[in-house]
Structure formats: structure tokens, C-alpha cells
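Q: Kindly generate the corresponding structure for this input.
(one chain, ligands or ions: 1)
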Amino acid sequence: MVKHTATSVVTIERFIIEQEKLHPEATGELSGLLYDLALAAKMIANKVRSAGLADILGATDLENIQGETQQKLDVLANEIIIKAVDHGGRLCAMASEEEPGIIDIPPHFRCGKYCLLFDPLDGSSNIDVNVPVGTIFSVVRKITRGSRGEMEDMLQPGRRQVAAGYVIYGSSTMLVYTTGQGAHGFTLDPSLGEFLLSHPNIRTPDVGRYLSVNDSYHSQWEPNVQNLMRYYRGQDGNRQPMNTRYVGSLVADFHRNLLGGGLFAYPANRKNKRGKLRLLYEASPLAFIVEQAGGAATDGHERILDIQPTELHQRTPLFIGSTNDVDAARTMLSGVAKDGSALSAVGSVGAYARCSAHDVPRTPLDDAAVRRIRQREKHE
Ligand code: AFP
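A: Model (predicted):
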């Protein structure tokens with residue numbers, strides 16, 4: 001792989017082409033799709049940036065499949081993505097968080113070997129108050145025989161993704177993506193109109209600094225989730241308290257934690273038995289990215305990337321971010337440990353060593369490693 005220095009200017013196009021060369025068998029279809037998505041992201045960024053100026057704010061009367069009120073920018077972003085990718089001959093079908101069923105490729109366009117699943121504008125209820133929003137996408141390979149994509153193609157576990165990414169429309173617009181060779185971030189240079197490589201090979205810290213969770217659900221959580229949150233906050237005396245930061249816009253919360261280290265949690269609660277977030281449009285693509293950056297993601301029992309989806313708009317509880325913090329969730333929610341004291345009893349400050357990318361069981365850290373982590377936490 002080409003080594004880029006901090007001063008070399010690398011456009012996303014150049015980077016995608018360089019990555020493609022690592023696969024001699026590649027046909028260029030995935031590269032073309034990623035480039036089309038980058039173009040869609042620039043178009044959406046443009047709309048988001050001028051949202052306060054144009055008369056496109058506020059909710060429409062439409063309701064999406066989740067029963068939530070759609071914002072006008074959701075509708076626009078959805079259309080922009082579909083139009084940017086439907087004609088390139090790379091896709092056989094699409095699915096969007098904003099649409100009830102599979103989105104077919106128009107009959108006059110050629111079908112390709114990939115399926116795209118996306119959330120066009122996540123966190124859109126925040127648009128009116130100028131809080132960052134984002135786009136999330138996931139690409140899987142077609143597995144059925146016909147030329148058109150079918151439900152079976154869409155309902156694949158996240159580990160089969162060939163690419164995933166997100167775009168954050170914040171103080172600057174950033175696109176972060178992976179094709180399974182690390183997670184790489186690009187910042188949009190508005191004067192050039194190009195995404196430039198700004199965060200090559202992102203690595204997320206093993207132990208998180210931030211905890212992102214909506215506390216207003218506290219009384220609706222199961223007791224084991226309440227205990228887990230007490231542990232993260234250092235209230236049970238078993239770890240340094242994490243800093244709470246919650247934007248309420250998944251991409252913004254995830255992005256901060258990916259770079260700074262931390263855990264985003266959206267547990268199930270009494271009202272939402274499967275949580276709120278969607279497996280295919282939100283949890284799976286972000287799980288692919290976080291694992292590529294050295295982090296992890298679980299629903300509390302199972303690795304997110306191993307969950308077999310059964311429906312397009314399936315929801316899942318989500319604990320995603322720094323590996324040791326995600327391990328604490330898995331350990332406490334699956335009943336292996338009831339509280340943080342049990343975690344430290346197995347030789348951890350909420351920290352388990354990673355054997356490899358995702359294998360379980362994990363080995364407890366040795367005493368020297370625990371001392372190093374405690375030392376590091378003290379200095380943070
Ligand atoms: P909206 O798209 O309706 O704003 O929902 C955003 C979101 O799906 C995700 O981005 C947030 O993390 C989460 O919901 C916030 O949900 P709560 O308001 O229940 O905390």
C-alpha cells in the first residue's frame with residue numbers, strides 16, 4: 001500500500017484507485033460506486049450547508065416506515081443518493097432507511113453485483129438546531145442468481161460487507177470508509193470541492209474517554225444495563241469515570257468516540273425492546289468501521305457483525321466503540337459478571353486483552369497491563 005505523509009495531497013479518487021490496485025481481480029465496480037457515493041455526499045453537504053437559508057427546513061407531512069416524521073432534507077438526501085448510484089451498472093438493488101422495501105434499479109439501467117443499504121440523513125431531527133447530521137452506507141455483494149437484487153441479498157450479516165462508510169456534515173464535512181483494509185477519513189476541501197485524505201488508517205483507543213448514552217431512559221433500562229452505566233461512570237468504584245457526551249446524532253457521537261476513544265450505547269428499554277437503531281443502516285456499517293479501527297460492537301450478547309438480519313428495518317441494541325468498554329458491556333449484559341467488581345475480579349479495569357480481531361473468550365489482562373491502563377487513566 002502506498003504510504004502517504006501528512007503533507008501529501010491525496011484525493012479520495014486517487015486513494016480509492018490505489019486501494020483497488022491491491023486487488024488484481026477487482027473490476028473497478030466497487031471503486032466506481034464509492035466514488036459516486038462521495039459525489040452524493042458533496043451534493044448533500046451542499047444542501048445541509050444552505051439549509052438555514054432556503055425554505056427547506058421543518059418536517060413534511062410524510063411519515064417514514066419507522067413512523068417518524070421525515071424532514072425535507074431526508075427526502076432530498078434520499079433522492080440524491082438514489083440518483084447518484086442507480087445508473088452506474090454497479091448495483092442490483094438498494095434499501096434506504098426512508099423507504100419501506102427494496103429500491104429496484106430502473107429497468108433501463110444495467111444491474112451490477114452489489115447492493116447498497118443506506119441511511120441518507122441520520123439525526124435529521126437535529127437539523128433545525130444546526131447540530132451535525134450524517135449519512136451512513138453499507139455495501140454487500142449479491143448472492144442470489146437472478147440479475148435483480150432480492151431480499152436475501154439485503155439480509156446478510158454485517159461480516160459480509162465489502163464496504164461501509166459514513167459522512168458527517170459538521171464543522172467540516174468528513175467521509176470515513178472501509179473496504180476491509182483499515183478505516184480512512186477524508187475531509188472535504190470546500191475550495192477544491194474534493195475530499196482529501198486527512199485521517200489515514202484511523203485507530204481508536206482500547207479504553208474510552210467518552211460515554212455517549214441517552215440517560216433519560218435510565219428508569220426504563222433493565223437492572224443489568226443500569227449497573228453497566230454505573231460502572232462506566234465510575235459510580236461502583238471499579239474504574240475511572242468516563243466523560244458523558246451525547247449529541248443525539250449517531251454519526252456525530254460515533255465519530256467523536258472513534259477518534260477520541262469511547263463508547264456509544266443505545267440499549268433496549270421497556271418501550272423499545274430491540275432498542276432504536278437499525279441493524280442494516282446504522283449498526284452494521286459502523287461496526288465494520290469500528291472493528292477496522294481496532295474497536296468493537298455488540299448488542300450485549302452477540303457481535304453486531306454476526307447478527308443474521310431477518311428484516312430490512314430490524315432494530316438492535318448497540319454498544320459500540322473502544323474494545324475494552326464494549327467487552328465490559330458484553331460481559332455484564334450476558335450475565336458473565338453482574339457488576340464492575342466482578343470485572344476487576346477477573347483482572348481488568350473493564351479491560352480484556354484482545355486475542356485477535358473478534359474472538360471470544362478473551363483473556364484477562366495480566367497485572368502489568370492492568371497497572372499500565374490504570375496509570376494511563378490517571379493521566380487522562
Ligand atoms: P433522528 O434521525 O430521528 O434524529 O434519530 C437519530 C437517531 O437515529 C440517532 O442518530 C441517535 O443516536 C438516536 O436516534 C437518538 O435517539 P434518542 O433521541 O432516543 O436518544
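Q: switch to C-alpha atoms for all contacts and neighbour counts from now on
A: Will do.
Q: The ligand contacts on the stretch 1-150 of the chain?
A: Within the stretch 1-150 of the chain, the positions adjacent to the ligand are 122-126 by CA under 6 Å from any ligand atom.
Q: Got a quick PyMOL command for the buried subset of those?
A: Command for PyMOL that selects the buried part of these, burial taken from 16 or more other CA atoms under 10 Å:
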select buried, resi 122+123+124+125
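Q: Just put the residues of the stretch 1-150 of the chain next to the ligand in CSV and tack on pLDDT and secondary structure.
A: Converted to CSV, those look like this (pLDDT from 0 to 100; DSSP: H, G, I helix; E, B strand; the rest coil):
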residue, pLDDT, secondary structure
Asp122, 94, strand
Gly123, 91, coil
Ser124, 83, helix
Ser125, 82, helix
Asn126, 84, helix
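Q: Report the central residue of the protein.
A: Centre of the chain computed as the mean C-alpha position; nearest residue by CA atoms, centre = their mean is Leu286, 1.9 Å away.
Q: Secondary structure class of it, three-state.
A: Secondary structure for Leu286, judged by DSSP: H, G, I helix; E, B strand; the rest coil, is helix.
Q: distance of it from the ligand?
A: Taking CA to the nearest ligand atom, to the nearest Å as the measure, Leu286 and the ligand are separated by 12 Å.
Q: same check, this time on Ser172
A: 18 Å.
Q: check contacts around that residue.
A: Listed by CA atoms under 8 Å, 6 or more residues apart in numbering, the contact set of Ser172 reads 187-188.
Q: Could you tell me the end-to-end distance of stretch 106-113?
A: Between the opening and closing residues of stretch 106-113 lies a distance of 15 Å (CA to CA, to the nearest Å).
Q: Could I get the average pLDDT for that stretch?
A: Here the mean pLDDT over stretch 106-113 is 94, rounded to a whole number.
Q: What's the local residue count around Asp236?
A: With neighbours defined by other CA atoms under 10 Å, the count for Asp236 comes to 17.
Q: Check Lys83 too.
A: When neighbours are defined as other CA under 10 Å, Lys83 has 13 of them.
Q: before we move on, what about Val131?
A: By other CA under 10 Å, the burial measure for Val131, its neighbour count, is 17.
Q: Would you mind measuring from it to the ligand?
A: Separation of Val131 from the ligand (CA to the nearest ligand atom): 10 Å.
Q: which residues of the stretch 51-200 of the chain fall in helices?
A: Along the stretch 51-200 of the chain, counting by DSSP state H, counting those that start in this stretch, helices occupy 72-85, 151-154.
Q: Quick one: those helices as JSON lines, columns for mean pLDDT too.
A: Output for the helices of the stretch 51-200 of the chain, formatted as JSON lines (pLDDT from 0 to 100):
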{"stretch": "helix 72-85", "mean pLDDT": "94"}
{"stretch": "helix 151-154", "mean pLDDT": "96"}
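Q: Contact partners for Ala268?
A: Ala268 makes contact with 221, 274-276, 316-317, according to CA under 8 Å, 6+ apart.
Q: Can you tell me how far it is from the ligand?
A: To the ligand, Ala268 is 11 Å away according to CA to the nearest ligand atom.
Q: Same question for Leu175.
A: Distance from Leu175 to the ligand, counting by CA to the nearest ligand atom: 16 Å.
Q: Quick check: bridge partners of that residue?
A: Each beta-bridge partner of Leu175 is listed here, defined by DSSP bridges: Val167, Phe186.
Q: With Gln161 instead?
A: Taking DSSP bridges as the rule, Gln161 bridges to Val140.
Q: start to end distance for stretch 147-163?
A: First residue to last in stretch 147-163 (CA to CA) measures 21 Å.
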